[in-house]
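>>> build me a model from this:
(2 chains, ligands or ions: 1)
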Amino acid sequence: MSGRVQLSRRRFLQVLAGTAGALVVGIGHADAEVPIPPAMLGDDFGQLGAYVRIDREGNVLIGARDPDTGTGTATSLPRIIAEELDADWTRVTVMPLGLGVEAKDGKPVWIYGHQRSGTGDSIPAAWADLRQAGALARWLITQAAARRLGFAADRLRCESGVVVTPDGRRFPYGSLVEAASKIDPPAAPLPLKPPQRYTLIGHPAGDVDARHIVTGRTRYAIDTHYADALVAVLAQCPWPDGSLASIETAPALAIKGVVKVMPINPEADVPPGQTAIAPAVAVLAENTWAALRGLAELKLEWKPGAHSADEDSAKLEARAIALLDTDSAPTTRVRDEGDLAAAGRKAARRVEATYVQPWLAHATPEPMNCLVRLDKDQASLVVPTQAPQQAWAVVQRLTGLAADRIAIEVPRVGGGYGRRLDHDYVAEAVMLAKAVDKPVRLMWTREQGLAHDYYRSGTVHKIKAIIGRKRQVIAWDQRLASASALSGRGTAADRLWTSEISAEQLPAGLVPNYRSDWYSLASAMPRGPFRGEPHVTNAFAVESFIDEIAHTLREDPLVTRLRLLGEARQIPLGGRRMLDVGRLLNVLKLVTDRVEWKNWLHNVNGMGVACWHIDGAYVAHAIEAAVHGEKLEIVRVVCAVDVGRVINPLGLQGQVAGATLDALSNALNPAITYKNGQVRQQSLQDYPLASMAQLPNDVEVITVPNDRAPTGASFLAMPTAAPALANAVFRASAVRVRRLPLMKELLRLL
Amino acid sequence: MPQAQAQGLPAATTGDITPEPVREGIDLIVNGERFKHTGDPLMPLLWYLRDVLRLTGTKVGDAQGKDGYDLVLVNGKAVPAITWPMAKLVDARVTTVEGLARADGGLHPLQQAFIDEDAIGCGYCTAGWLIAGIDLLTRKPKASDEDIDKLPNRCRCGCQTRVRRAIKRAAGAQA
Ligand code: FES
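Numbering: from 1, shown residues only, chains lettered A, B, ... in the order given. Next comes the predicted model:
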């Protein structure tokens, strides 16, 4: 009793009858032997791996394949399925799907397709394939009703978990699923609903986990445990390439409950993020308190390695500034259009500025942790990850197990921000579990997350603009120096810039003579993906600089921006990328209208604006700031976003407000600095995220309704927040902040 | 005796007629239930809650308890669980996020306000905000923006504006 609908050459939907008459629709892959393991058809919801399961009582269980790190995928992905299913949302339960992996010729096959979060592609990927899962279940149920009732299927309609006949009789889905599971599915994908009929997509929904979260029942990875597991905590070497000089373990082992003390080391020639982040000594104990007491008793000394001991953030920054001041050739010319030299001959004015931004840490709320059980031919893990498929690769390499003998559960994750695209902590936990014959629960402290991270590199931008006689920007020459997040990760040298800058970013396409150069900085400090990058650092420089042009021209910065953007039109940016100037103008207009921009030009408080685009999505911020003595008050924040079709307006509002506050918090206070290769910030007080008092009381979010395919929005609102604030600060205080963290620089300049 | 099992103490066997010795220990009440801690008196409350009682709603925060993730109510006052050794909790009344709802499952007005205002990002900091917020509303039922400004909690997901609305909503509901 099963059939399949081909979605693409390799992927298909699978229909199966579950136990107790349930209808199950899952997604399969042509290379997977068993797309839905029989165990998943049972009544144990915890085991269920398929996308949709409807039981005879009408309860609907929907799996969410992308981890939810606070990005809302546990709500938005199932609603995409539920919409096409015409499900009653109040009867839907969402289960996070673990990793979907099968073995084929010794290779892994990812049966659920896309499984990654925080990279902006969860929603577009779901839009492309998950709607079919809901549509198929609805089609089967309608067919079952048609056969039972003797109506043509196209005369029946579905609403909120019920099939309705032309004469108004209503049949709940639950009464039809058993028959539906025996019907052969159609050969081709089904037509999808017209958007006018949407009742869930585009309508607000609260977080599906909200009730469990406010009652403390949601278990994050750090909250999971096996009764026989040992708790492992680490003492980490301050230098990623350092080593253990001496160790005395007896006092630690004397603590009651401490079972073992052992060193672990990063493996040679394994890229960052796939092995231990630094040498460490682990204390394994029966409980956390014993482990921490043992850790406190460890007497050890580390010695620096060959590369990292000379690392110094202040020196690196000085080198970067000097490098951009010379005319040495860039590492990569990212974009080059027109003729800068010729434009220089038409210059009426020139504007130039340098912007410096610090190294940043992810500071994830949930510390790095991982629970591992290794049996002879099976590994089970609970991992707080944004990318379970990458976590799998680390486990597989370290254990040598067959692809489908590695089970990875991913409960809700306490924040990702790019940190959990790397899996050093998984490697560490597996190394430890291999050395003891018990499961291991590894836990870093929050402080260790600061001192050992794949940081966002500090950046220096130097921008020069040439202004023509009609006040138009006729040339833009931009240089960026940074240490690429991709170094050492298998990326070709001529692509290392891609994590640092976008070739399409503003004002590319808008200035006839445009050049963007990237200069690589060598650094042994670990780097990696960071939420919103490379847009956040670049937008800060570019959008601050546009206001500096306005200041030079003694004009309203909005006028400067509107002149730069010009008419609403489509500008090809290379490849398939387009800049839709009309959509950018629209978000800019929405925020400036909302704050009544014109009234702000001569106010004591300052109002600043910034706009940006990321992969076909558009954002603008208007921020009002007041500077009272040495205090900065962010009085008002308005943000407009155009993300294509909105799946969950409430979720989107939360993402936009959240990204805005996160970006403001990152810009206001924190910075990672290091000397002799050692990070100075050893406690959260040294790396202050914004307090309630420093942040605005509200973020007003405006979303642009439209029918275009949805895009990811989890970090769209980050890039424009800090430059809009810096522009507001300038208008409130006449102080131009060209260096972050903003508060430190503002106090220096005031 | 769940705490005895969790500590790995042997269960009494049948036929054992030796009277159980009076156990030394720290008596305390957690979410309305009585417990006796017989382990290390210096163990911080956080690890007792999470490891021994398996109440994991109180989250692991920073070592000094300054970011607010591990707040619990001790005798009605919000304190960081990591900074309170069990020795200080003799006869104390501890309430964690798991103990905020009524026995019938009805939510505390602030819990409901967090849901209504969608004041949740990743949710890792939520328990701490709830405890801090309830502590504030107990002291000042009509909490002002300035009062809310003083909350110690940090949130990397940027829920602060929605948390503020939730606290005000709950303050309104109480008034
Ligand atoms: S919701 Fe993630 S830290 Fe606050």
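
>>> residue nearest the centroid of chain B?
Relative to the mean C-alpha position of chain B, the nearest C-alpha, by CA atoms, centre = their mean, is the one of B:Thr96, at 2.3 Å.

>>> and that residue, what is it in contact with?
Going by CB atoms under 8 Å, 6 or more residues apart in numbering or on different chains, B:Thr96 touches A:216, B:30-31, B:49, B:55, B:57-58, B:72-73, B:127, B:131. Using the backbone N, CA and C atoms, a C-beta is placed for each residue, glycine as well.

>>> got a quick PyMOL command for the buried subset of the residues you listed?
Selecting only the buried entries of the contacts of B:Thr96 in PyMOL, with 16 or more other CB atoms under 10 Å in any protein chain shown as the criterion:
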select buried, (chain A and resi 216) or (chain B and resi 30+31+49+55+57+58+72+73+127+131)
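
>>> same for the ligand: which of the contacts of B:Thr96 are within range?
Residues of the contacts of B:Thr96 in contact with the ligand (CB under 6 Å from any ligand atom): none.

>>> where's A:Ala153 relative to A:Leu176, distance?
12 Å (CB to CB, to the nearest Å).

>>> now swap in A:Arg636 and tell me
From A:Arg636 to A:Leu176 the distance is 53 Å (CB to CB).

>>> quick one: which of the two has more around it?
A:Leu176 (26 against 20; other CB atoms under 10 Å in any protein chain shown).

>>> scan the helices and strands of the chain for the one with the lowest mean pLDDT.
Here I'm looking at chain A. The helix or strand of chain A with the lowest confidence, counting by mean pLDDT, DSSP states H and E, is strand A:2-6 at a mean of 62.

>>> sec struct for the residue in chain A that chain B sits nearest to, please.
Proximity of chain A to chain B (CB to the nearest CB) peaks at A:Gly216, 2.2 Å away. What DSSP: H, G, I helix; E, B strand; the rest coil gives for A:Gly216 is coil.

>>> what pLDDT does the closest residue to it other than its chain neighbours get?
Using CB to CB, 6 or more residues apart in numbering or on different chains and skipping residues adjacent in sequence, the residue nearest A:Gly216 is B:Gly57, 2.2 Å away. On the pLDDT scale, B:Gly57 is placed at 98.

>>> ok, B:Gly57 to B:Gln64 distance?
Applying CB to CB to B:Gly57 and B:Gln64 gives a distance of 21 Å.

>>> ok, whichever residue of chain B sits closest to chain A - contacts?
When scored by CB to the nearest CB, chain B has B:Gly57 as its residue closest to chain A, at 2.2 Å. Shown in contact with B:Gly57 (CB under 8 Å, 6+ apart): A:215-217, B:96-98, B:127.

>>> where in chain B is the helix or strand with the lowest mean pLDDT?
helix B:2-6 (a mean of 38).

>>> next SSE after it?
strand B:26-30 (DSSP states H and E).

>>> from the chain's centre, how far out does that next one sit?
Strand B:26-30 sits 13 Å away from the centroid of its parent chain (CA atoms, centre = their mean, to the nearest Å).

>>> following element in sequence after it, please.
strand B:33-37.

>>> got the contact list for the host helix or strand of A:Leu323?
Taking DSSP H and E as the criterion, A:Leu323 maps to helix A:313-325. Helix A:313-325 is contacted by residues A:354, A:356, A:358-359, A:458-460, A:462, A:479, A:481-483, A:519, A:521, A:523, A:672-675 when judged by CB under 8 Å, 6+ apart.

>>> quick one on the thing from earlier: what is in contact with A:Ala153 and A:Leu176 at once?
Going by CB under 8 Å, 6+ apart, residues that sit against A:Ala153 and also against A:Leu176 are A:Ala145.

>>> any idea where the helices of chain B begin and end?
Taking DSSP state H as the criterion, chain B contains helices spanning B:2-6, B:45-47, B:109-116, B:126-139, B:145-149, B:160-174.

>>> closest to A:Val559 out of the ones you listed?
helix B:160-174 (30.7 Å; CB to CB).

>>> neighbouring contacts of that closest one?
A:654, A:657, A:661, A:690, A:692, A:695-699, B:109-110, B:112-114, B:116-120, B:129, B:133, B:136-137, B:141-143, B:145, B:148, B:153, B:155.

>>> mind saving the C-alpha coords of it as PDB?
Extracted C-alpha coordinates of helix B:160-174, given in PDB (Å, rounded to 0.1, in the frame of the first residue of the first chain):
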ATOM      1  CA  GLN B 160      14.000  43.000  24.400                       C
ATOM      2  CA  THR B 161      11.200  45.100  22.900                       C
ATOM      3  CA  ARG B 162       8.800  42.300  22.900                       C
ATOM      4  CA  VAL B 163       9.700  41.300  26.400                       C
ATOM      5  CA  ARG B 164       9.100  44.900  27.500                       C
ATOM      6  CA  ARG B 165       5.600  44.700  26.000                       C
ATOM      7  CA  ALA B 166       4.900  41.400  27.600                       C
ATOM      8  CA  ILE B 167       5.900  42.700  31.100                       C
ATOM      9  CA  LYS B 168       3.700  45.800  30.600                       C
ATOM     10  CA  ARG B 169       0.800  43.600  29.400                       C
ATOM     11  CA  ALA B 170       1.100  41.500  32.500                       C
ATOM     12  CA  ALA B 171       1.300  44.600  34.600                       C
ATOM     13  CA  GLY B 172      -1.900  45.800  33.000                       C
ATOM     14  CA  ALA B 173      -3.600  42.500  33.600                       C
ATOM     15  CA  GLN B 174      -2.600  42.500  37.200                       C
END
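
>>> anything in that helix near the ligand?
No: under the criterion of CB under 6 Å from any ligand atom, helix B:160-174 makes no contact with the ligand; the nearest approach is 8.4 Å.

>>> state the mean pLDDT of that helix.
93.

>>> just to check, A:Gly606 is in contact with A:Ala732?
Yes: here A:Gly606 lies in contact with A:Ala732, judged by CB atoms under 8 Å, at a distance of 3.1 Å.

>>> overlap of the contact sets of those two?
With CB under 8 Å, 6+ apart, A:Gly606 and A:Ala732 have common neighbours A:625-627.

>>> show me those residues that map onto strands.
Among these, the ones falling in strands (DSSP state E) are A:625-627.
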